[in-house]
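>>> Curious how this folds, go ahead:
(4 chains)
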There are 2 protein chains.
Amino acid sequence: MAKRKETSTNHMNREYINDECGIAYAIDIMAGRWKLKILYKLEKKTMRFRELKERIPNITDRMLTLHLQELEADGLISRTVYAEVPPRVEYQLTESALLLIPVWDQMNEWGHQHREKQRQSVDLAVKPAS
Amino acid sequence: MAKRKETSTNHMNREYINDECGIAYAIDIMAGRWKLKILYKLEKKTMRFRELKERIPNITDRMLTLHLQELEADGLISRTVYAEVPPRVEYQLTESALLLIPVWDQMNEWGHQHREKQRQSVDLAVKPAS
DNA sequence: GCCATTACTTACATTTTTGTGTGTATCATA
DNA sequence: TATGATACACACAAAAATGTAAGTAATGGC
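Take a look at the predicted model:
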């Protein structure tokens, strides 16, 4: 896991915020670059490491590993190891993560709409008289 | 605004993800350290810079400025400047941001519950036989 | 013995975010 | 003339996140 300095102001502020605010905590554990992609893939079915890697363009082994570890530590996914060679490891959403799916759907909806609105207003700002 | 290097792989991956995934985009624009605190304060009423600063312990002028600018650029808050001395600037949520409130409430609920579950399972892992 | 496969790990570099401290323009008031 | 209030800006430092490249253990098949 990426080591963090537990005495930094940065770290302490993060803890303080996540500790008193449920949304901030929720956002914090979902906010890694590829985390939502991973969760979204696992929403459909349990998958192996290599499977995820193939279905998420541009992600590297390292980032996938890091994010999977953090998601597991944060209770969003669970990991099942099979005693085989070559190794087989399967990832799936936890019960807790499943509860979030409807919320994700709403956020997705909102995200798409808001992004469109934003694009339009940016376009207007760039060429106001067209 | 914090300058970003538009040619970095980091930056391009972010764009690629936010571009095709509504949730990732939504999370991305809400995910700054103090952003949800700010939004949460503004949910109740419009506020001035100094007012926000006083109500958000530990935040610095700089972080408040940066986040307010980013939230404005991302269409979550709007800024009103009054021609007075000393200056008066008021911030409020946009229509778009207001639509998110019910989603925030659900995430908040989930966050509190999940954090409790997490704490319990971590406690169990540390002292399994108590 | 050599290679392939899988799920990682490690060391290091780059980019981004966050934090610290100080400075600025404006005008009213003391 | 000096001070205070407001909403920032600027330069710099520290920490955290992300990216790049290479390596590892285990074992079955050739």
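>>> check contacts around the spatially most central residue of chain A.
What sits nearest the mean C-alpha location of chain A, by CA atoms, centre = their mean, is residue A:35, with 2.3 Å. With contact set as CB atoms under 8 Å, 6 or more residues apart in numbering or on different chains, residue A:35 has these partners: A:67, A:70-71. From N, CA and C alone the C-beta is placed, and that goes for glycine too.
>>> show me where chain A has strands.
Ranges of strands within chain A are A:47-48, A:77-82, A:88-93, based on DSSP state E.
>>> Could you dump these into TSV and include mean neighbour count?
Shown next, in TSV, are these (neighbours: other CB atoms under 10 Å in any protein chain shown):
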stretch	mean neighbour count
strand A:47-48	16
strand A:77-82	14
strand A:88-93	16
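>>> chain center to the lengthiest helix in chain A: distance?
Determined from DSSP state H, the single longest helix within chain A is helix A:95-126. Computed by CA atoms, centre = their mean, to the nearest Å, the chain-centroid distance of helix A:95-126 equals 15 Å.
>>> Wondering if that helix reaches chain B at all.
Yes. Counting by CB under 8 Å from any CB of the partner chain, chain B has neighbours in helix A:95-126: A:96, A:99-100, A:102-104, A:106-112, A:114-115, A:117-118, A:121.
>>> now swap in stretch A:49-59 and tell me
Yes. Under the criterion of CB under 8 Å from any CB, stretch A:49-59 makes contact with chain B via A:57-58.
>>> now that stretch, how far from the chain's geometric center?
14 Å.
>>> which strands and helices sit next to the lowest-mean-pLDDT helix or strand in chain A?
Sorting the helices and strands of chain A by mean pLDDT, DSSP states H and E puts helix A:95-126 at the bottom, at a mean of 92. With contacts defined as 3 or more CB pairs under 8 Å, 6 or more residues apart in numbering or on different chains; DSSP states H and E, helix A:95-126 has these neighbours: helix A:35-44, helix B:22-30, helix B:95-126.
>>> Point out the other helices and strands that the shortest one packs with.
Right, helix B:22-30. helix A:22-30, helix A:35-44, helix A:95-126, helix B:9-20.
>>> Touching that helix from outside, list them.
A:27, A:30-31, A:36-37, A:40, A:104, A:107-112, A:114-115, B:14, B:17-19, B:36, B:39, B:70-71, B:74, B:76, B:100.
>>> PyMOL command for the buried members of the residues you listed?
To isolate the buried ones among the contacts of helix B:22-30 in PyMOL, judged by 16 or more other CB atoms under 10 Å in any protein chain shown, type:
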select buried, (chain A and resi 27+30+36+37+40+104+107+108+110+111+114+115) or (chain B and resi 14+17+18+36+39+70+71+74+76+100)
